[in-house]
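Asks: Predicted structure and sequence below. I'll ask about it afterward.
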Amino acid sequence: MTTVIPFGPQHPVLPEPVSLKLEIDNDVVVGALPSLGYVHRGLEKFIDTKDYNQTMYICERICGICSALHGITYCMSVEKLFNVEVPERAQYLRVINGELNRLHSHLLWLGLFADGFGFESLFYECWKYREGVLDVLERTTGNRVIHSMSKVGGAAKDLTKEHIDLILKMLDTLEPQVKNIDKVFVNNYTVKKRLVGLGVMSKQLAYEAGTAGPTLRGSGNAIDVRETADWDIYKDLGFKPAVEKDGDCYARTKVRINEIYESIKLIRNAISKLPNGDIAIPIKGFPTGEAIMRTEQPRGEVVYYVKGNGTKNLERLKIRTPTFANIPSLLLMLPGVKLADVPIVVLTIDPCISCTER
Amino acid sequence: MLENEVEIKSSAELLKTVEGLKSDGYRYATMICLKANEGHDFIYIFEKDYKLKNLRYFVKPGEKPKSVSGIYLCALLIENEYQDLFGLTFEGLAIDYKGHLYLTPNSPKAPLA
Amino acid sequence: MGMLNLVLANVSRKPATRLYPFEIRAPFEEFKGRIVFNPENCILCGICQKKCPPDAITVTKAEKTWELNVFRCIMCTECINGCPKDCITISNERAKTGAKEYIKIVVPKVDTPKATSSK
């Protein structure tokens, strides 16, 4: 005899509303049914009224946490329609902005996750270190959260020598701080008791369920879109994906902490190799044709599809965000989990529901 | 035209091709729906070893396309989204929200159609 | 003992927060605070109205006014980059709560006589 308990749209651990109806049999979950639609804004319809330059501002505002890479991927896909190549300095500036965004997003997730299993002082430590990253973002781009650093044709703002010194100084302060909280997440007795062996997905199941990002890499599949030829600047920066084999919540936490170290290394390499030159090229005319572009957001791979028909408005814009691909894996991870552990399993896929529903 | 694209003519051929891709080890990325010539154009995107493969299938007006969620479970969310936004009806969905995944009874009907 | 060391280190340091209304941090130079319009050189071309993504600027040529809806503006700086006479700039002061929604400025543009062909 099963009872149905709503893991409601409002819950203290969730940053955005999603509703799961859980079927419980004697304190163990046997089935789950997701129900979306609480923040659906219909953003794909805006292309009817805004032209292809103004749509960049719409795409950035889909999500507050992963906003920089939405804007960058949109600009790259429209540049594929025009068949132009941006100058090298603009590509390096986009990489630096994207990796700073990844730093702040992973630090936010670590704090939220610690709060999810009750460790509130660790939550405050993670968000305290995140303030250093947000101050650097405000000084280089002008805003803390929505940066608007890229435009169709290149980058919108340049980095001066003082900005570069600020970024390097912040990274030198941040790295030992992250090593301190790394020790707490990986070695603490209570954290390990709660996370090890929870929500296990095997390597084959994670691949077939269509997951993306750290959810996929925590189960042993070394798939990261930064290694493809679409954005081949990452090869010059010496990038290696972070992979773990176990497939439980502990492994996914370790993947995200290793990605923080990898991002710090990538920003330092990009700054040391930053070439001189223009930051943008002028774009004339109207887009035609179809293009697909994929990049790696903090939560996984994002796929953009654009189609132009020769006027100043695009004909179709379709965005598949990584949390959209990870939600079906919740239906496979949740059966067998106790009711008190459900918030941790839901948080471990890093749900960003405003991206999912656009 | 996208690169590495295969044109599919019937829904039986679609299901057979998708099953073949699954046994080859391809991963389901997404599905795109466009309005084209009175009907709808579907583009299925699969990925393996960082290379994409696209299948293009034209749905005539009034036809009920078959769902691939029996083969790939993750396809059920995107097909339910197109039931809401374009007013289509899929056959054989694993979980069917019947047009109420995002939209409520007093929202505009089929906004992208 | 990782967390215990962090807690003891935090106890011995001063707090990481600022006591807000008594201590205010000066805004950074690059911070996008509000839009400032200087009507001296404006020629009422309307480029700023065409480029604005949320349609916050309205330029009326008949009455010679430039109007900004402050609550709609997203500080994207498209109008600043597009103005051919550099009339719009950005300042780093944040508008306080209780700001007015519309800012309407009259443009003192002098109508130049059309050039007549001298034969």
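Replies: Cool, the structure landed. Residues are numbered from 1 along each chain as shown, chains lettered A, B, ... in the order given.

Asks: show me what contacts residue 82?
Replies: As the question left the chain open, I've gone with chain A. A:I283, A:G285, A:P287 (C-beta atoms under 8 Å, 6 or more residues apart in numbering or on different chains). Backbone N, C-alpha and C define where each C-beta goes, glycine included.

Asks: you looked at the wrong chain, it should be chain C
Replies: C:I47, C:C48, C:K51.

Asks: follow-up on the earlier one: keep only those of the contacts of A:F82 that are also close to chain C.
Replies: Near chain C, judged by C-beta under 8 Å from any C-beta of the partner chain, there are no entries from the contacts of A:F82.

Asks: Just send those residues back as JSON lines, with neighbour count and pLDDT too.
Replies: Formatted as JSON lines, these follow (neighbours: other C-beta atoms under 10 Å in any protein chain shown; pLDDT from 0 to 100):
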{"residue": "A:I283", "neighbour count": "18", "pLDDT": "87"}
{"residue": "A:G285", "neighbour count": "8", "pLDDT": "87"}
{"residue": "A:P287", "neighbour count": "26", "pLDDT": "87"}
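
Asks: what's the helix or strand for the residue in chain C that chain B sits nearest to?
Replies: Chain C approaches chain B most closely through C:P54 (20.5 Å), counting by C-beta to the nearest C-beta. Using DSSP states H and E, C:P54 maps to neither a helix nor a strand.

Asks: how near is the closest residue to it other than its chain neighbours to chain A?
Replies: The shortest distance from C:P54 to any non-neighbouring residue, by C-beta to C-beta, 6 or more residues apart in numbering or on different chains, is to C:R72 (4.8 Å). Separation of C:R72 from chain A (C-beta to the nearest C-beta, to the nearest Å): 12 Å.

Asks: Select the helix or strand of chain B having the lowest average pLDDT value.
Replies: strand B:5-8 (a mean of 79; mean pLDDT, DSSP states H and E).

Asks: what's the following helix or strand after it?
Replies: Using DSSP H and E, the helix or strand that directly follows strand B:5-8 along the chain is helix B:11-24.

Asks: Following element in sequence after that following helix, please.
Replies: Following helix B:11-24 toward the C-terminus (DSSP H and E): strand B:27-36.

Asks: and which of the contacts of C:G82 is nearest to chain A?
Replies: Proximity of these to chain A (C-beta to the nearest C-beta) peaks at C:K51, which lies at 7.8 Å.

Asks: Show the end-to-end separation of stretch A:53-64, please.
Replies: 20 Å (C-alpha to C-alpha, to the nearest Å).

Asks: Could you give the average pLDDT over that stretch?
Replies: Averaging pLDDT along stretch A:53-64 yields 89.

Asks: Any figure for the gap between the spatially most central residue of chain B and B:G62?
Replies: The C-alpha lying nearest the average C-alpha coordinate of chain B belongs to B:M31 (C-alpha atoms, centre = their mean; 5.0 Å). Taking C-beta to C-beta, to the nearest Å as the measure, B:M31 falls 20 Å from B:G62.

Asks: could you pull out the strands for chain C?
Replies: C:34-37, C:57-60, C:65-69, C:88-91, C:102-106 (DSSP state E).

Asks: no wait, chain A
Replies: A:3-7, A:19-25, A:28-35, A:150-151, A:154-155, A:288-297, A:300-309, A:314-320.

Asks: Indicate each strand paired with the least confident helix or strand of chain B and its parallel or antiparallel sense.
Replies: According to DSSP bridges, strand B:5-8 has the following sheet partners: strand B:51-59 (parallel).

Asks: Could I get the CA-only coordinates of the partner strand as PDB?
Replies: Only the C-alpha atoms of strand B:51-59 are listed here, as PDB (Å, rounded to 0.1, in the frame of the first residue of the first chain):
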ATOM      1  CA  LYS B  51      30.300  13.600 -33.500                       C
ATOM      2  CA  LEU B  52      26.600  14.500 -34.100                       C
ATOM      3  CA  LYS B  53      24.200  12.600 -36.400                       C
ATOM      4  CA  ASN B  54      20.900  14.200 -37.400                       C
ATOM      5  CA  LEU B  55      17.700  12.600 -38.700                       C
ATOM      6  CA  ARG B  56      15.200  14.700 -40.500                       C
ATOM      7  CA  TYR B  57      11.500  13.700 -40.700                       C
ATOM      8  CA  PHE B  58       8.600  15.600 -42.100                       C
ATOM      9  CA  VAL B  59       5.200  15.200 -40.300                       C
END
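
Asks: tell me the contacts of the closest residue in space to A:A68 that isn't next to it in sequence?
Replies: Spatial nearest neighbour of A:A68, chain neighbours left out: A:N101 (3.9 Å); criterion: C-beta to C-beta, 6+ apart. If you count contacts by C-beta under 8 Å, 6+ apart, A:N101 has them with A:C66, A:S67, A:A68, A:L69, A:L137, A:H147, A:P298.

Asks: Tabulate those (a markdown table), appending neighbour count.
Replies: Formatted as a markdown table, those follow (neighbours: other C-beta atoms under 10 Å in any protein chain shown):
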| residue | neighbour count |
| --- | --- |
| A:C66 | 26 |
| A:S67 | 22 |
| A:A68 | 28 |
| A:L69 | 24 |
| A:L137 | 23 |
| A:H147 | 23 |
| A:P298 | 26 |
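
Asks: could you measure A:L166 against A:P15, distance?
Replies: From A:L166 to A:P15 the distance is 29 Å (C-beta to C-beta).

Asks: can you check C:P108 too?
Replies: C:P108 sits 50 Å away from A:P15 when distances are taken as C-beta to C-beta.

Asks: Which residue of those two possesses the greater neighbour count?
Replies: Per other C-beta atoms under 10 Å in any protein chain shown, whichever of C:P108 and A:P15 has more neighbours is A:P15, with 17 against 9.

Asks: ok, the spatially closest residue to the more buried one that is not a sequence neighbour - contacts?
Replies: Distances taken as C-beta to C-beta, 6+ apart put A:L112 closest to A:P15, at 6.6 Å, once the chain neighbours are dropped. With contact taken as C-beta under 8 Å, 6+ apart, A:L112 is in contact with A:V13, A:P15, A:F123, A:L347.
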